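A.B. asks: here you go, sequence then predicted model.
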Amino acid sequence: MTSKHILKQFQKRAKKLDALRNDKRYTEVIAFLSAKGLLESNKIKAHYKRGQKIPLTHFLWAAKNLEPRIYEVLPAAILHFPTSIESPDNDLPEDLAAILKHLKTGKNEGPTYKHADYSLIKKWANTTLTDKRAKPLSEKKIARTFRLKPDTIAQIRAGAQMLGISDAEFLEQLIHREILITLPTATEGN
Amino acid sequence: MLKFISEFEIRLQRANTERASDGLPPLSKVHLKVLGQMALMANIEASSKLHLVATKDLDAIIEGDWTARTLLKNVLQENGMVYDELSSEVWIPPEATFEVMHDSSVLKVSLLSPLFVLASKAVKAPQKNKQLITQAIEIWGEELIDLISEHGQDIRIFLNDK
């Protein structure tokens, strides 16, 4: 038989949590994450006001005190909606910054963030959201600089022009075997 | 959840119509056993009593062939959700019961009963579910405490701040 004392302690704690759920920090964060398709709530309506900025500290407070699932989706939220989440002097907590660095560089493995496995966090970064402007991380382009021989560059240009696409698109399609063409050599083309 | 179920039902019906016109037998009836947070969200009693927040993944055991699984994942994706491929690893208390939410000729959807969803979370992921379990114990009381304790979890950890 459970002691009445323990049950009373749970009741007291539950009432405290109920009061915290009315805090604007919590309701705003859940409403935002729901509106962006990262979370779903049965009691708080999805809502986001265009141009609204929510302090990062509110997300961290809500996650720590009421809903740890926020930690799972917070990195994805920061990556997809950076202008909606404010951090003081762009200063992120070290552990969060580390996760974001791993995600941005496409790493398959990374550290755990507040009990959430990296694989779980990465899943949300790569999911297609209801806000279609947010591309899954796996589809975002990353800038790279390559040094290539002039002849190679000429061939890329020739191929891209032939297909009416950019040099970068041409290379991507070649690598993903979406096009198979035989290019004239630079001398043959002249 | 209801929207996703009705869309999945439509896809299954459509698939069977196509199979019939190709002279193929219909897909075997799919049984979806929903676990985790979505099981709580979809349960009328639990959803009315608890403040619930869920990530957009579905934990569910799928009894059905590969075509049905593919259709399920497509419907989930179109609804901004993903299927949790680790669903089969979710621990379900051996004495658990399921409640039928939907039952047609092509699809049956059952929800793991709230008490067992909560016990599973309390035993296997206590840190992530501290606040939820606290809420739930206030509502279900001794029945939930006993179930959690029977499966080896010390309920006092839900009273700690750390």
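C.D. replies: That came through fine.

A.B. asks: how is chain A partitioned into domains?
C.D. replies: Domains of chain A are assigned by automatic domain parsing as A:4-137, A:150-189.

A.B. asks: pick the most deeply packed of those.
C.D. replies: Each of those was scored by mean neighbour count; the highest is domain A:4-137, a mean of 17, by mean count of other C-beta atoms under 10 Å in any protein chain shown. (C-beta placed from N, C-alpha, C; glycine too.)

A.B. asks: lowest confidence element among the helices and strands of the chain?
C.D. replies: Using chain A. helix A:186-189 (a mean of 48; mean pLDDT, DSSP states H and E).

A.B. asks: oops, wrong one, chain B.
C.D. replies: strand B:82-83 (a mean of 91).

A.B. asks: contacts for whatever helix or strand comes next after that one next, please.
C.D. replies: Counting by DSSP states H and E, the next helix or strand C-terminal to strand B:82-83 is strand B:98-103. Residues outside strand B:98-103 that contact it (C-beta atoms under 8 Å, 6 or more residues apart in numbering or on different chains) are B:I5, B:E9, B:K33, B:V34, B:A42, B:N43, B:K108, B:V109, B:S110, B:L111, B:L112, B:S113.

A.B. asks: show me what the following helix or strand past strand B:98-103 is packed against.
C.D. replies: The C-terminal neighbour of strand B:98-103 among helices and strands, as given by DSSP H and E, is strand B:107-112. For strand B:107-112, the packing partners by 3 or more C-beta pairs under 8 Å, 6 or more residues apart in numbering or on different chains; DSSP states H and E come out as helix B:2-21, strand B:30-34, helix B:36-42, strand B:98-103.

A.B. asks: angle of the last one against helix B:2-21?
C.D. replies: To tie it back to what came earlier, the one meant is strand B:98-103. Put simply, strand B:98-103 runs at 60 degrees to helix B:2-21, going by axes from the mean of the first three to the mean of the last three C-alpha atoms, to 10 degrees.

A.B. asks: the second one too?
C.D. replies: Relative orientation of strand B:30-34 with respect to helix B:2-21: 160 degrees, computed using the same axes, to 10 degrees.

A.B. asks: and strand B:30-34, how far from the chain's centre?
C.D. replies: Centre-to-centre, strand B:30-34 and its host chain are 8 Å apart (C-alpha atoms, centre = their mean, to the nearest Å).

A.B. asks: that strand pairs with which strands?
C.D. replies: strand B:60-63 (antiparallel), strand B:107-112 (parallel) (DSSP bridges).

A.B. asks: which of the ones you listed is buried the deepest?
C.D. replies: When those are compared using mean count of other C-beta under 10 Å, strand B:107-112 is most buried, at a mean of 23.

A.B. asks: same question for it, mean pLDDT?
C.D. replies: What strand B:107-112 shows for mean pLDDT is 97.

A.B. asks: in chain A, what residue is nearest chain B?
C.D. replies: At 3.6 Å from chain B, A:A14 is the closest residue in chain A, using C-beta to the nearest C-beta.

A.B. asks: check contacts around that residue.
C.D. replies: B:T134, B:Q135, B:I137, B:E138.

A.B. asks: one more time with 6 Å
C.D. replies: A:A14 is in contact with B:T134, B:Q135, B:E138, counting by C-beta atoms under 6 Å, 6 or more residues apart in numbering or on different chains.

A.B. asks: number of nearby residues for the second one?
C.D. replies: It stands for B:Q135. 22 (other C-beta atoms under 10 Å in any protein chain shown).

A.B. asks: helix or strand for it, which one?
C.D. replies: helix B:130-140.

A.B. asks: now do whichever helix or strand comes after that helix, average pLDDT.
C.D. replies: Scanning forward in sequence from helix B:130-140 by DSSP H and E, the next helix or strand is helix B:142-150. Averaged across helix B:142-150, the pLDDT comes to 94.

A.B. asks: can you say which of the helices and strands packed on strand B:107-112 is packed in most?
C.D. replies: For the helices and strands packed on strand B:107-112, the highest mean count by mean count of other C-beta under 10 Å goes to helix B:36-42, at a mean of 23.

A.B. asks: could I have it exported to CSV, CA atoms only?
C.D. replies: C-alpha atoms of helix B:36-42 as CSV (Å, rounded to 0.1, in the frame of the first residue of the first chain):
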residue,chain,number,x,y,z
GLY,B,36,3.7,5.9,-26.8
GLN,B,37,2.6,9.5,-26.7
MET,B,38,0.3,9.1,-29.7
ALA,B,39,-1.6,6.4,-27.9
LEU,B,40,-2.3,8.8,-25.0
MET,B,41,-3.2,11.7,-27.4
ALA,B,42,-5.7,9.5,-29.2
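
A.B. asks: which residues does it contact?
C.D. replies: Residues contacting helix B:36-42 (C-beta under 6 Å, 6+ apart): A:N42, B:M1, B:A46, B:S47, B:L52, B:A54, B:L58, B:D59, B:L111, B:L112, B:P114, B:V117.

A.B. asks: just those residues: which are in strands?
C.D. replies: Among those, the members falling in strands (DSSP state E) are B:A54, B:L58, B:L111, B:L112.

A.B. asks: residues in contact with the last one?
C.D. replies: In this case it means B:L112. Neighbours of B:L112 in contact, by C-beta under 6 Å, 6+ apart: B:L35, B:A39, B:F98.
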